[in-house]
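Participant: test case, fold it:
(2 chains)
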Protein chains: 2
Amino acid sequence: MKFGGTSVADLERIRRVARLVNAEVQAGHQVAVVVSAMSGKTNELVAWTDRAGAAAPGLPSSDDEYDVVVASGEQVTAGLLAMTLRNMGVPARSWMGWQIPIIADDAHGRSRIDDIPPEKLGAALDAGQVAVIAGFQGVTRDGRIATLGRGGSDTSAVAIAAALGAPCDIYTDVDGVYTTDPRIESKARRLARISYEEMLEMASLGAKVLQTRSVELAMAYKVPLRVLSSFVEPGEAPGQGTIVCDEEDIVEKRIVSGVAYSRDEAKISLFGLPDHPGVSSTIFGALADANVNVDMIVQSKARTADTANMEFTVGKRDAQRAVEIVRAAQPQIGFEDVQVNDDVAKVSVIGVGMRSHTGVAKSMFQALAEKGVNIQVISTSEIKISVLIDAAYTELAVRALHAAYGLDQL
Amino acid sequence: MKFGGTSVADLERIRRVARLVNAEVQAGHQVAVVVSAMSGKTNELVAWTDRAGAAAPGLPSSDDEYDVVVASGEQVTAGLLAMTLRNMGVPARSWMGWQIPIIADDAHGRSRIDDIPPEKLGAALDAGQVAVIAGFQGVTRDGRIATLGRGGSDTSAVAIAAALGAPCDIYTDVDGVYTTDPRIESKARRLARISYEEMLEMASLGAKVLQTRSVELAMAYKVPLRVLSSFVEPGEAPGQGTIVCDEEDIVEKRIVSGVAYSRDEAKISLFGLPDHPGVSSTIFGALADANVNVDMIVQSKARTADTANMEFTVGKRDAQRAVEIVRAAQPQIGFEDVQVNDDVAKVSVIGVGMRSHTGVAKSMFQALAEKGVNIQVISTSEIKISVLIDAAYTELAVRALHAAYGLDQL
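Facilitator: The predicted model follows:
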């Protein structure tokens, strides 16, 4: 069981979590619980590190110490939940990353889990003790605290489930994975099941239910994953939630499972590029060297002469840096102009059914055209189609697509 | 160097601490720094554990999980100070109790340090790195976090100094040890030196500068100790503070070094006790079994018949429990009445000079009599005399004694 920050935001909610854990124990299960920091705590800690670590250029990184500070939030919650469980008469103890140990690499602040020897946890579970595990943290091979990046507690939970050979229930503030964001489309429906591949696309395309890496890990180790709500009243059982599983385990096939959107994109346009080989590799090589992630890319021949235009998208917060990098390469590349537009949104439809069905793209473009939504850039994969549009049309586009694929009829 | 909670209360103060550390590094010293939690943080964490751990009687103790929660405060400060030092160009890293390790026993919440292998810390110091150590915490032999009790960071600092064979500077919000509390007597003077024995009495008699156990430890391992202020402006050096050392290292001998007071006492009076052997052992045996600490004791023959009266003091928060224990033993002991008075204060004069000087008690009683202060109970040791008085006379008594021994003339 994994509980996020809003589920453990205060002592009343921690008690609610303890009741859910106790219900599993009473049902005869061995339980390992992974907890996040109380919501708001991580932000407070990060703000302190920002102020302490406002480094002059050239000074050494303090990412290892950042990890020491921010990992303390999960430690607090783990201790408090273990205490609360004991007060309900449920044997429990807390486990820090270094105690299990959750061995992680030394890429501090975005560390990856290397190994979780299951012996100690397994022995405690076999002894009838609930293991309350601080999420988000591991320990490097030389004994330093390492954190797994924002949302890393999901990854902790899936990795521990894999190590123990157990299924993983992710409790959050929504009762499952929806066909789209219910704040935009009130007709959005909870999905009973979704495949790992679809969940992965949804997570990386803007749905914030699960951290992308945790889904990758669940898929790789075939960990049965379930998303469900911790916000239930005492005595009430949590709902069925959404099961994330192998495609083969989904009986009722759909062509499209969901509509995702993201407003975190910015579009960069280059005009008047010389149309010869090597231009793209110069531009994207420079961006990759600077760790700027490029998402969608289109290139088109200009109407006149031998030049081309190119458009690509990057994360909004990388936009200014991307432009500077491109400008610095201008003498070498020789384009005419560069423009940024961060008033854009990416809207995507996702579904494994696309693999065997044609016409999905056609219905998408038709539905958008009917509402007068102009498509700026298109990108596709085997199981998703994304379009970049004017940000003002986001909600309109999401609702139009949700209806076009019959998602309100599930 | 050790810095308490008020010295690291926010990021501006942490920067001030970093400047003091840097000054020591620039002076060519290897530096280990022990830090407390930011002031207020430990109280916040303790309040949470109180609410999470509001145990029904008969449920197992959660002291081990209490330790997990409250130890997180020092972890935060250690990380932030290490970051701040690096940003000043000072190589530094944080150390948690389990990383050094500071091996402590499993009396959670009031654990004692068993051992500190100096190898890892020593290697880091030799490599030119400042070691920033989370105070107040250790790790048990089976790998659980243990805390050392309130004020335990002083003990951490002295123990680490002993392990490294280094002197220990305790930075706090006052600039040394005073002849008495300056908030009561404006003529109180900072002592240049004080003996371990005197400091020990002062600490246990109410002066809150140092945790008693840290002084015991310093005395046992002959760690040169200094108390000084962290509240200095940038560029300014901290003052001389007060050196706590062996009696032989104090040239200028005084008969009395200081006047301490405590309002944490309550007096319990038993009337009409049968005057035969075994009564005291029954009473104090029962109190000891219940972990109630008894301080001063006097017994006197009643004017009439074969009965005696007895008075003793306990900590204020134990008073009610002590009365209940005594009442429960009434059938066995057979006294007539028991009364509690918690409107009392204990005022003490302390000085190693008493060992070789007579008349110290006489001057004390005389000074108090001149001001009309009635003495209820007296207790003495080799180097201190304590009297219990009506709490309303506390300040008056402290000032009268401070003047009587010429402490304002130092």
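Participant: residue closest to the middle of chain A?
Facilitator: In chain A, the centroid-proximal residue (C-alpha atoms, centre = their mean) is A:Gln211; its distance is 2.9 Å.
Participant: which residues does the closest residue to that residue other than its chain neighbours contact?
Facilitator: If the residues on either side of it in the chain are set aside, A:Gln211 comes closest to A:Gly151, at 3.5 Å by C-beta to C-beta, 6 or more residues apart in numbering or on different chains. For every residue, glycine as well, the C-beta is placed using N, CA and C. Listed by C-beta atoms under 8 Å, 6 or more residues apart in numbering or on different chains, the contact set of A:Gly151 reads A:Leu210, A:Gln211, A:Ser214.
Participant: in stretch A:186-204, what counts as buried?
Facilitator: Residues of stretch A:186-204 classed as buried by neighbour count (16 or more other C-beta atoms under 10 Å in any protein chain shown): A:188-191, A:193-204.
Participant: so which of those residues is the closest to B:Pro224?
Facilitator: Closest approach to B:Pro224 among the buried residues of stretch A:186-204 (C-beta to C-beta): A:Ala203, at 58.5 Å.
Participant: do I have it right that the closest one meets A:Thr212?
Facilitator: Yes: A:Ala203 is within contact range of A:Thr212, at 4.4 Å (criterion: C-beta atoms under 8 Å).
Participant: rewinding a little: what's the closest of the contacts of A:Gly151 to chain B?
Facilitator: Closest approach to chain B among the contacts of A:Gly151 (C-beta to the nearest C-beta): A:Gln211, at 23.3 Å.
Participant: just checking, what packs against the helix or strand where A:Leu287 lies?
Facilitator: A:Leu287 is located in helix A:279-289, with elements delineated by DSSP states H and E. Contact here means 3 or more C-beta pairs under 8 Å, 6 or more residues apart in numbering or on different chains; DSSP states H and E; on that basis helix A:279-289 packs against strand A:294-301, strand A:307-315, helix A:319-328, helix A:330-333.
Participant: and chain B, which of those is closest to it?
Facilitator: Nearest of the helices and strands packed on helix A:279-289 (C-beta to the nearest C-beta): helix A:319-328, 22.7 Å.
Participant: what comes into contact with the closest one?
Facilitator: Contacts of helix A:319-328 (C-beta under 8 Å, 6+ apart): A:266, A:268, A:270, A:283, A:286-287, A:290, A:292, A:314, A:333, A:338, A:340, A:342.
Participant: buried subset of these?
Facilitator: A:Ala266, A:Ile268, A:Leu270, A:Ile283, A:Ala286, A:Leu287, A:Val292, A:Val314, A:Ile333, A:Val338, A:Val340, A:Asp342.
Participant: what's the burial count for A:Asp306?
Facilitator: Neighbour count of A:Asp306, defined by other C-beta atoms under 10 Å in any protein chain shown: 10.
Participant: what residues does the stretch 101-250 of chain A have near chain B?
Facilitator: Applying C-beta under 8 Å from any C-beta of the partner chain, we find that the stretch 101-250 of chain A lies next to chain B at A:Gly143, A:Arg144, A:Ile145.
Participant: quick check: closest non-adjacent residue to the second one.
Facilitator: Nearest residue to A:Arg144 in three dimensions, chain neighbours excluded: A:Asp64, at 5.6 Å (C-beta to C-beta, 6+ apart).
Participant: list the contacts of that neighbour.
Facilitator: So A:Asp64 contacts A:Asp106, A:His108, A:Arg144, A:Ile145, A:Ala146, B:Arg93 (C-beta under 8 Å, 6+ apart).
Participant: give the bridge partners for the fifth one, please.
Facilitator: Meaning A:Ala146. Here A:Ala146 shows beta-bridge partners A:Gly138, assigned using DSSP bridges.
Participant: tally of neighbours for it?
Facilitator: The number of residues near A:Ala146, taken as other C-beta under 10 Å, comes to 29.
Participant: got a pLDDT number for A:Ile352?
Facilitator: I think there's a mix-up here, since residue A:352 is Val and not Ile. Looking at A:Val352, its pLDDT is 91.
Participant: ok, it touching A:Glu198?
Facilitator: Yes: with contact defined as C-beta under 8 Å, A:Val352 counts as touching A:Glu198 (5.9 Å).
Participant: any common contacting residues for those two?
Facilitator: Shared contacts of A:Val352 and A:Glu198, defined by C-beta under 8 Å, 6+ apart, are found at A:Ser257, A:Ile383.
Participant: hang on, A:Ala47 in a helix?
Facilitator: Yes: counting by DSSP: H, G, I helix; E, B strand; the rest coil, A:Ala47 is located in a helix.
Participant: what's the distance between the residue nearest to A:Gln211 and chain B?
Facilitator: 21 Å (C-beta to the nearest C-beta, to the nearest Å).
Participant: from A:Lys208, how far out is that residue?
Facilitator: To A:Lys208, A:Gly151 is 8 Å away according to C-beta to C-beta, to the nearest Å.
Participant: which of the residues in stretch A:140-147 are buried?
Facilitator: Going by neighbour count (16+ other C-beta under 10 Å), the buried part of stretch A:140-147 is A:Thr140, A:Arg144, A:Ile145, A:Ala146, A:Thr147.
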